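> Dropping the sequence and predicted coords here.
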Amino acid sequence: MKTWEYIVRRLLLLIPVLIGVTIITFTVSHVIPADPARAFAGGPKAQPETIARIRAELHLDKPLWEQYFYYMNDLIHLNLGKSFLENRTVTTALAQYFLATFELTIFATIIAIPFGIIGGIISAIRQNKLSDHITRIIAIVGYSLPIFWLALMLQYVFAYQFPIFPLEGRLSVGMTSPTTFTGFYILDSIFSGNGAALISSLHHLLLPAFTLGFAELAIILRMMRSSMLEVMGSDYIRTARAKGLSERTVIYKHALRNAMIPTITVAGLSFGGLLSGAVLTETIFNWPGMGRFAAHAVLGLDFNAVMGFTLVVAIIYVIANLIVDILYAVVDPRVKLGGG
Amino acid sequence: MARKRETKTHELIRRFRYNKSAVFGLILILFLVFLAIFASFIAPQDPTPSPPKLENSLKPGFWSNESISGYPLGTDMMGRDILSRIIYGSRISLTVGFIAVGIATLLGILIGVAAGYYGGWIDNVLMRITDILFAFPSLLLAIVIVAVIGQGLDKAMIAIGIEYSPQMARVMRGSVLYIKETEYIEAQKAIGSSNTRIIFRHVLPNSLSPVIVYGTLMMAGAILDAAALGFLGLGAQPPSPEWGAMLSESRFYIVSGSWWAATFPGIAIVIAVLGLNLLGDGLRDILDPRLKE
């Protein structure tokens, strides 16, 4: 199978999964609530005429399959309904919050991947030495740590006891956001030459990004260590050593490449963890992203907002996994032969 | 036969004892189980006194001169003893972990065995459904379920149980596929044993070790997720001494310097989750034949 055939095949397999996801979000928002119109109208306090209007508006008087058709039609037109907590459409709200979350997750990944990989390599080539023990402890504690507790502890130490970092938010109070080019404050402040905003946004980003990235760092560290150990024990590494190659060349040119493969997969899969973690991290650091929006929406029974968020996250997650699989196939030609 | 089984058990115990981190994990968990069982004897104070002693609000613990005796880890904003609440909280967290994983295991065995043993279209349909559930990052699945069925500790347990069931289903399916091809199952079929008999007498008992290994690791995740739901206000509700809910109640006092109220419940969560992770990793090394040298 050629690489592009594999990619097409995987893209086609994505379709039933995405349809399944929409069936779930549809069921949750239209079928399970005893009276969806009342739920959309804002719960028990809603006026009967409002409910009647919403029932007609949302086609709730039609048969279920027809309702699903309307639902899908709305989705295709990027219409996720109205968020009554924010009094605007869910699409507008998510579009705004998405970029803040994306900036946060990217920085979390920038922290997690290099440190995780380097730590894993050090740990593996110095197996059972002190540095190995330390990295292993970081790894196991890292993935046993409640992310929201880590966030609170960092806030206490670095924002209260030693006020090096701001407690919360995305920019200093009173500072206006940089001119919008991309929606990422870091890039926008660079493009608009706004030095103060750049410093402030980086300053605000570091604690939440570290919090969010730490669990991923632990997972990558662990995977990198074990796959590096496995590769280092293989026959071709022994051959490379027997050829008289220096240990450096053996590790960095021969072992690393193969050891990276499982690490890529794990990094991709842990992206879902980042999106879940964003709900907690953003809530604590008051980061204006999708996660905080979703947490408020669940508590406020804002069904449209919850389902819109769920759908967006599921799509991002599925696509992230697809990209990982494709990368995997590119790096390791054996994968394609498996018939995926 | 009996003797042979005994030596096998002995060998497993011997290997377990050599695995230092697994032993350490087991000790942590046994310690928490002990606290949970004897909470009413060990805890120095009532975890939820009524009326609350507000005059004791946010008093520090043993490290400070302002501490009050009988409250070694300090008090929270309602003047309640943090240590006692953590001790009682171990009951909640262990129960949540156990019940959530129980639900996941039950569903997972049902789906996994049906898919793996019968194969064909049943397998296809069930695995596509789990694929769809895997499209939701794990904690988010629980959050969505809670959004639908409602908030509270009991609902959170169900949500977390459903969250982990696709993983357990995959583990079971893999295990069943492997066992199904073994010679003794073929022999059972040849002598005309019914499917039910084969599944209950042979397939399930032989799938026990992956269930134990992944069940332990999932319990770590379940406790963490229950605490996260409690923290978000979606799981256990105040005044429950659930660790996540305790953290949530105390989080705003951290920036007025009362760090202890949120710190110690977090350490309790770490102990529980770390213990289960170490134990689960150790059990995997010991029980998983594919990782054996």
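Perfect, thanks for sending it. Residues are numbered from 1 along each chain as shown, chains lettered A, B, ... in the order given.
> wait, doesn't A:Arg292 sit right on A:Leu280?
No: under the criterion of Cβ atoms under 8 Å, A:Arg292 makes no contact with A:Leu280, lying 9.6 Å away. Quick note: C-beta positions are derived from backbone N, CA and C, even for glycine.
> If you average the pLDDT over the helix or strand A:Arg53 falls within, what comes out?
According to DSSP states H and E, A:Arg53 maps onto helix A:48-57. Throughout helix A:48-57, pLDDT has a mean value of 79.
> gap between it and the chain center?
From the chain centre to the centre of helix A:48-57 is a distance of 37 Å (Cα atoms, centre = their mean, to the nearest Å).
> what's the answer for stretch A:223-232, then?
Distance of stretch A:223-232 from its chain centroid, counting by Cα atoms, centre = their mean, is 25 Å.
> Which residues lie in contact with the residue most central in space within chain B in this structure?
In chain B, the residue lying closest to the centroid (Cα atoms, centre = their mean) is B:Met219, at 1.9 Å. Shown in contact with B:Met219 (Cβ atoms under 8 Å, 6 or more residues apart in numbering or on different chains): B:Gly97, B:Phe98, B:Ala100, B:Val101, B:Leu276, B:Gly280.
> shaky segments in the stretch 151-300 of chain A?
For the stretch 151-300 of chain A, applying pLDDT under 70 flags no range at all.
> Which residue does it have closest to chain B?
Here the residue of the stretch 151-300 of chain A nearest chain B is A:Gly272; by Cβ to the nearest Cβ that distance is 3.3 Å.
> swap in the stretch 101-250 of chain A?
Minimum separation of the stretch 101-250 of chain A from chain B (Cβ to the nearest Cβ) falls at A:Trp149, amounting to 3.4 Å.
> that's a helix at that residue, yeah?
Yes: counting by DSSP: H, G, I helix; E, B strand; the rest coil, A:Trp149 is part of a helix.
> Let me see the contact set for it.
A:Trp149 makes contact with B:Leu247, B:Ala262, B:Pro265, B:Gly266, B:Ile269, B:Val270, according to Cβ under 8 Å, 6+ apart.
> Would you mind pulling the contact partners of stretch A:307-314?
Applying Cβ under 8 Å, 6+ apart, the contact partners of stretch A:307-314 are A:18, A:21-22, A:25, A:28-29, A:75, A:80-81, A:83, A:90-91, A:94, A:98, A:275, A:290, A:293-294, A:297, B:135-137, B:140, B:144.
> can you tell me which of those residues are in strands?
A:Ser83 (DSSP state E).
> so where's the stretch 151-293 of chain B shaky on pLDDT?
In the stretch 151-293 of chain B, residues with pLDDT under 70: B:288-293.
> now the strands for it?
For the stretch 151-293 of chain B, applying DSSP state E, counting those that start in this stretch gives no strands.
> Close to chain A: what parts of it are there?
For the stretch 151-293 of chain B, the residues found near chain A under the criterion Cβ under 8 Å from any Cβ of the partner chain are B:220, B:224, B:227-228, B:231-234, B:244, B:247, B:251, B:254-255, B:257, B:259, B:262-263, B:265-266, B:269-270, B:273-274, B:277-278, B:281.
> Narrow the residues you listed to those that are buried.
The neighbour count (16 or more other Cβ atoms under 10 Å in any protein chain shown) marks B:220, B:224, B:227-228, B:231-234, B:244, B:247, B:251, B:254, B:259, B:262-263, B:265-266, B:269-270, B:273-274, B:277-278, B:281 as buried among these.
> What about the residues you listed, which are in helices?
Among those, the ones falling in helices (DSSP state H) are B:220, B:224, B:227-228, B:231-232, B:244, B:247, B:262-263, B:265-266, B:269-270, B:273-274, B:277-278, B:281.
> Any residues of the stretch 151-300 of chain A in contact with chain B? List them.
Contact residues, the stretch 151-300 of chain A versus chain B (Cβ under 8 Å from any Cβ): A:152-153, A:155-156, A:159-160, A:167, A:272-273, A:275-277, A:279-280, A:283-284, A:294-295, A:298-299.
> how about 10 Å then?
A:151-153, A:155-157, A:159-161, A:167-168, A:215, A:222, A:269-280, A:283-284, A:291, A:294-299 (Cβ under 10 Å from any Cβ of the partner chain).
> Filter these down to the buried ones and express that as a ChimeraX selection.
To isolate the buried ones among these in ChimeraX, judged by 16+ other Cβ under 10 Å, type:
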select /A:151,152,153,155,156,157,159,167,168,215,222,269,270,271,272,273,274,275,276,277,278,279,280,283,284,291,294,295,296,297,298
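> Which members of the residues of the stretch 151-300 of chain A next to chain B are positioned in helices?
Filtering these for helices - DSSP H - leaves A:151-153, A:155, A:215, A:222, A:269-280, A:283-284, A:291, A:294-299.
> quick one, domains of chain A?
A:3-89, A:97-339 (automatic domain parsing).
> Pick the most buried one from those.
Each of the domains of chain A was scored by mean neighbour count; the highest is domain A:97-339, a mean of 19, by mean count of other Cβ atoms under 10 Å in any protein chain shown.
> next one: that domain to chain centre, how far?
Counting by Cα atoms, centre = their mean, domain A:97-339 is centred 9 Å from the centre of its parent chain.
> for stretch B:262-278, same thing?
12 Å.
> Same check on stretch B:14-24?
Put simply, stretch B:14-24 sits 20 Å off its chain's centre (Cα atoms, centre = their mean).
> Buried residues, that stretch. List them.
In stretch B:14-24, counting by 16+ other Cβ under 10 Å, buried: B:Phe16, B:Asn19, B:Ser21, B:Ala22.
> which residues touch the last one?
When the contact criterion is Cβ atoms under 10 Å, 6 or more residues apart in numbering or on different chains, the partners of B:Ala22 are B:Arg15, B:Phe16, B:Leu278, B:Leu279, B:Gly280, B:Asp281, B:Gly282, B:Leu283, B:Arg284, B:Asp285, B:Ile286.
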